[in-house]
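Visitor: got a predicted model here, sequence first, then my questions.
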Amino acid sequence: MAEGDENLELKFRIFDGTDIGHGSYSLSITIATLKQRLLSEWPQDKSVVPKSVTDMKLIHGGRVLENGKTLSESRVHVGDLPGGVITMHVVVQPPVVKKKTGLSLSVSFPFICLLLHIVSAILL
């Protein structure tokens, strides 16, 4: 990349291999802003559609990029391909909704272990 060049050519690959958000981005743009743009451009006909930027993770070079950092701070660079397009991967991970049950895991697990111990003692 030439010195003074403040933009990177990026595209974002989603779970089914589709590329979205292809364009030139400033090194000063934050990861959260990138995610917001991707959210607005997300194809609505897909089986998985993120509801917010917190549902998405951007991965580049084997690292999950942090929302508060810029592309420059995240050390995103073209490397050996001057003028090349960088592909980032987008993983959608909706927040886990915890279901309320009558028993908490801390109570039910020891109880199940005790129950299994008693049953195995009876059967032997």
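Guide: Here it is on my side, so go on.
Visitor: where does His117 land on pLDDT?
Guide: Reported pLDDT at His117 in the predicted model: 58.
Visitor: cool, and Asn67?
Guide: Value for Asn67, per-residue pLDDT: 93.
Visitor: secondary structure element holding the closest residue to it other than its chain neighbours?
Guide: Counting by C-beta to C-beta, 6 or more residues apart in numbering, Ala32 is the residue found nearest to Asn67 once chain neighbours are left out, at 4.1 Å. Using the backbone N, CA and C atoms, a C-beta is placed for each residue, glycine as well. Using DSSP states H and E, Ala32 falls within helix 31-41.
Visitor: Glu73 versus the residue nearest to Asn67, what's the distance?
Guide: According to C-beta to C-beta, to the nearest Å, Ala32 and Glu73 sit 12 Å apart.
Visitor: ok, residues contacting the host helix or strand of Leu8?
Guide: Assigned by DSSP H and E, Leu8 falls within strand 7-13. Applying C-beta atoms under 8 Å, 6 or more residues apart in numbering, the external contacts of strand 7-13 come out as 1, 19-27, 34, 38, 58, 71, 76-78, 83-90.
Visitor: sort out for me which of these are in strands.
Guide: Among these, the members found in strands (DSSP state E) are 19-26, 58, 85-90.
Visitor: and the furthest pair within those residues?
Guide: Spanning the widest gap among the ones in strands among the contacts of strand 7-13 are Ser26 and His89, at 20.8 Å by C-beta to C-beta.
Visitor: that older thread, list the buried residues for the strand holding Leu8?
Guide: Leu8, Leu10, Phe12 (16 or more other C-beta atoms under 10 Å).
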